[in-house]
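Chemist: next input, structure requested:
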Amino acid sequence: MTDPSLSTSGGVAAAVVVVVGSINEDVVMRLDGPVHPGETVTAASVERAPGGKGANQAAAAAGAGAAVAMVGLVGADDAGRRMLEALSRAGVDTTCVDRLGDVATGTAYITLTPDGENTIVVDPGANARLDAARVGAASARIAAARVVLAQLEVPLDAVMAVLEMTAASGGRAVVTLAPARALPGGAWPAFDPVLVNQHEAAFYLGTGPAAVAADPSGAAGRLLGLGARSAVVTMGAAGAVVADRSGVRSRPAVPVERVVDTTGAGDAFAGALAASLAEVADLDRAVEAGLAAAAAVIGRLGAR
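Modeler: Below is the predicted model of the structure:
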C-alpha cells in the first residue's frame, strides 16, 4: 500500500511528514436538532466515512502537498481494509500501519446538527494497542522525517516515544493535545508547536474556556511557560493565536460562506500546518495554511 510517489533512500521512504496516531471509521448520524438528556431521537441519515485524528491529519498533510507516512493500527476487519484504502487514495504511505486480528478497528460515533455542531464518542479499538514498541518499529521512518505529527487518541507511552525519537533525530514534533489529558512535565519542551483549541488550552492552564476566549494571547504565552517551544491556540471563527520566543501574534480566520460540518476542522488545520512547516519552517505561514485548510473542510460534510 505504499504511495509510489514517495522516494526511498537506503530502503526508507523519504516522507517529510510522519503522522503517528489514530485511525478510525466514523459513523456520522445527522440529526434534525440537538439531543437533550434523556431524549431519544431518530437520525435523519447515517453514513460511514474515514476518520481518526491521526488519519485525518495525514490525509490533510498529503492534500497540502507533503510526502506523508502513517504509523498506526487497524483491525483485520472490513473497516480496517476500508480505512487503509482511503489513506492510500489520499496519497498516504501506509507501510507502517499494522492490522491486528484480535481487535476491531477504532470507531467514532458522531452526531451532527444542522448548524454544523457535533458531538463525538470514540471506541479506540486497535488504536489502544499502539505502544512505544510499535512506534519503535517505525523508528527509521520517524528519524527521516522533517516533521512528526501526533495526537492524544493513542496511548501516552506511544506519544512519548514519538517525542524522544523526534528529539534524537533533530526533527520537529507537532502535537495536537486532543483529547486533553494529563501529561508528564517532560513532554512540553518537545512541542514545536503544541496545538490546542480554547477548551484544551483551558484544561492545561487550569482555567475556563471563557477565560481563554477573553485573552487568547495571554493563554498562548502561558503555554510557553509550561515549557513548549511554540504554541498555537485555535479560536474557531476568531482565527488563531501564535506564540514563540519572538512573541505572540494573532492570525485571522479565513471567511466561510456557510458552516456545514466542523468535525474535521482541527485535523485539517494540523495536517496543513505540518505540511507547510516541512516545506518552509515558518510558523506564521504554516498557521495561515492551516486556517485556510480548516475553512475549506468546514464548508462541506465530512472530516476530510
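Chemist: give me the phi and psi for Ser217.
Modeler: Its backbone dihedrals place Ser217 at phi -70, psi -40, with angles given as degrees, to the nearest 10.
Chemist: element containing Ala60?
Modeler: Using DSSP states H and E, Ala60 maps to helix 53-63.
Chemist: the next helix or strand after that helix: partners in the sheet, and parallel or antiparallel?
Modeler: Per DSSP H and E, helix 53-63 leads on to strand 68-75 as the next helix or strand towards the C-terminus. Here strand 68-75 is paired, per DSSP bridges, with strand 17-20 (parallel), strand 92-100 (parallel).
Chemist: now the nearest residue to Val74 once chain neighbours are set aside, what's its secondary structure?
Modeler: Spatial nearest neighbour of Val74, excluding adjacent residues (C-beta to C-beta, 6 or more residues apart in numbering): Gly80 at 3.4 Å. No exception for glycine: its C-beta is placed from N, CA and C like everyone else's. Look at Gly80: counting by DSSP: H, G, I helix; E, B strand; the rest coil, its state is helix.
Chemist: same question, the one 4 residues further on
Modeler: The three-state label for Leu84, taken from three-state DSSP, comes out as helix.
Chemist: does it touch Val74 like I think?
Modeler: Yes: using C-beta atoms under 8 Å, Leu84 is in contact with Val74, at 6.4 Å.
Chemist: could you measure from Ala180 over to Glu153?
Modeler: From Ala180 over to Glu153 the distance is 11 Å, taken as C-beta to C-beta, to the nearest Å.
Chemist: and what of His36?
Modeler: 28 Å.
Chemist: of these two, which one has the most company?
Modeler: Glu153 (25 against 7; other C-beta atoms under 10 Å).
Chemist: skipping adjacent residues, who's closest to that one in space?
Modeler: Here the residue nearest Glu153, using C-beta to C-beta, 6+ apart, is Ser22, at 3.7 Å.
Chemist: likewise Gly136?
Modeler: Ala161 (6.3 Å).
Chemist: now do the contacts for that neighbour.
Modeler: Counting by C-beta atoms under 8 Å, 6 or more residues apart in numbering, Ala161 makes contact with Asp131, Ala132, Val135, Gly136.
Chemist: show the contacting residues for the first one.
Modeler: It refers to Asp131. Contacts of Asp131 by C-beta under 8 Å, 6+ apart are Pro155, Asp157, Ala158, Ala161.
Chemist: at 7 Å what do you get?
Modeler: Pro155, Asp157, Ala158 (C-beta atoms under 7 Å, 6 or more residues apart in numbering).
Chemist: wait, Val297 touches Ala268, no?
Modeler: Yes: using C-beta atoms under 7 Å, Val297 is in contact with Ala268, at 4.1 Å.
Chemist: confidence-wise, which helix or strand of this protein is lowest on average?
Modeler: strand 8-9 (a mean of 39; mean pLDDT, DSSP states H and E).
Chemist: how close does Gly106 get to Met70?
Modeler: Gly106 sits 13 Å away from Met70, going by C-beta to C-beta.
Chemist: between those two, which one's more packed in?
Modeler: Met70 (34 against 30).
Chemist: now do the contacts for the more buried one.
Modeler: Contacts of Met70 (C-beta under 7 Å, 6+ apart): Val19, Gly54, Ala55, Ala58, Leu87, Val92, Asp93, Thr94, Cys96, Val97.
Chemist: which of the contacts of Asp131 ranks first by neighbour count?
Modeler: Neighbour-wise, the contacts of Asp131 (other C-beta under 10 Å) top out at Ala158, 24 neighbours.
Chemist: that one belongs to a helix?
Modeler: Yes: counting by three-state DSSP, one finds Ala158 located in a helix.
Chemist: thought it was touching Leu130?
Modeler: Yes: if you go by C-beta under 7 Å, Ala158 and Leu130 touch, sitting 4.7 Å apart.
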